[in-house]
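Student: with the input below, show me the fold.
(one chain, ligands or ions: 2)
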Amino acid sequence: MTRQLAMVIDLNKCIGCQTCTLACKSQWTDRKGREFMYWNHVETRPGQGYPKGWEEAGGGWDGDVLKPGRLPRLREDYGIPASFNYEQALFHENAPALKSEQPMQWGPNWDEDQGAGEYPNGYFFYLPRLCNHCTNPACRAACPRQAIYKREEDGIVLVDQERCRGYRYCVAACPYKKIYFNPLAGKAEKCIFCYPRVEKGVPQACAFQCVGRARHVAFRDDREGAIWKLVEEWKVALPLKAGFGTQPNVFYVPPLSPPTFDAEGKPTQVPRIPDAYLEGLFGPAVHEVLARLNAEIARKQAGQTSPLLDMLIAFRHGNMFRLDRLGEKGNAA
Ligand code: SF4
Ligand code: SF4
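Tutor: Ligands and ions are numbered 1, 2, ... in the order given. From the prediction side, this is the model:
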């Protein structure tokens, strides 16, 4: 049986600093052919994300049948990476800062902090995204070369670069659009969940470098780990867009928000981020989760203890990661 390494990201702690994005970019995709690849990125919600409009690009499962999906377009959806003319921009007035002739149309973090809502009730939050190392990966099912596989020991989804012929069916099939085509190599490439680090007991770069202490990593069947406690026991972490049917293994603690103000400027009981919007991302269970989080906060404010909040606060960075059990048998059975 495949064991599964998983991640929980607490959206109440993500500050959108993109440290995770750069930790990943500088480690894995800082090469030609990978300029537009962000194996991890952080997008502002509500927003169109990266690639632009990925939620409507299709893919995933309809029962046990793959749904059709489309390939993101290089210019319109990823945006051609900008080439900046630093000399001109810094020292010559009115000189164009971009070298490329055509204006950029999109890019990662393009709609940063735009959000939605009218003053004084505007709102936004950050949503870090990476490959979900799905239990039922659409990318793997779509590959006619069987080039995509899940590792038995940790469930990490990888592309066998020898077998891949660059057909890009996987890119269309992934509903999260988290597998990319490298035009120089002619191969599909994706997040490898930092498996060379994981094998040495070192957490993923995005998780380890997270300044917000927002990311927990453990095996799903490790009952002492944060994933079991947050997903199965306390039930406060949910998958993104579970309706896509791929059974993601990245989970999110949904964001709480301050109250809206009424016409007289008085706070109401209605949270700033509309419930319906969160339900669209995390499903109907999000309401219970938010109620549970609020109840725990009230307990803590009343001077009681809350092991759940203590885990989410993450007083000790090292306690957020449980990789040392790699290779051991699970204890869920
Ligand atoms: Fe495949 Fe996409 Fe799931 Fe990653 S998120 S395993 S690329 S289907
Ligand atoms: Fe959010 Fe952490 Fe990434 Fe910063 S490093 S954007 S806090 S997930």
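Student: in this structure, spot the helix with the most residues.
Tutor: Ranked by residue count and defined by DSSP state H, the top helix of the chain is helix 286-301.
Student: run the chain-centre distance for that one.
Tutor: 23 Å (Cα atoms, centre = their mean, to the nearest Å).
Student: now Gly107: closest residue in space that isn't a chain neighbour?
Tutor: Computed as Cβ to Cβ, 6 or more residues apart in numbering, the closest residue to Gly107 that is not its neighbour in sequence is Gly79, at 3.8 Å. Every residue, glycine included, has its C-beta placed from N, CA and C.
Student: next, the one you found: phi, psi?
Tutor: Main-chain torsions, Gly79, degrees, to the nearest 10: phi 80, psi 130.
Student: number of residues surrounding it?
Tutor: Per other Cβ atoms under 10 Å, the neighbour tally for Gly79 reads 20.
Student: for it, what are its contacts?
Tutor: By Cβ atoms under 8 Å, 6 or more residues apart in numbering, the contact list for Gly79 reads 36, 52, 104-108, 110.
Student: repeat that for Asn182.
Tutor: Contacts of Asn182 were listed using Cβ under 8 Å, 6+ apart, and they are 33-34, 37, 188-189.
Student: go on, Arg316?
Tutor: Counting by Cβ under 8 Å, 6+ apart, Arg316 makes contact with nothing.
Student: could you do Thr29 as well?
Tutor: Per Cβ under 8 Å, 6+ apart, neighbours of Thr29: 37-39, 189.
Student: now do 10 Å
Tutor: By Cβ atoms under 10 Å, 6 or more residues apart in numbering, the contact list for Thr29 reads 35-40, 180, 182, 189, 191.
Student: roughly how far apart are the closest residue to His216 other than its chain neighbours and ligand 2?
Tutor: Once flanking residues are discounted, His216 sits nearest to Ala226: 3.5 Å by Cβ to Cβ, 6+ apart. From Ala226 over to ligand 2 the distance is 15 Å, taken as Cβ to the nearest ligand atom, to the nearest Å.
Student: following element in sequence after the least confident helix or strand in the chain by mean pLDDT, please.
Tutor: Lowest on mean pLDDT, DSSP states H and E among the helices and strands of the chain sits helix 86-91, with a mean of 81. Remark: after helix 86-91, the chain's next helix or strand is strand 125-130, criterion DSSP states H and E.
Student: what pLDDT does Val217 get?
Tutor: You'll see Val217 listed with a pLDDT of 98.
Student: that one should be in a strand, yeah?
Tutor: Yes. Under DSSP: H, G, I helix; E, B strand; the rest coil, Val217 sits within a strand.
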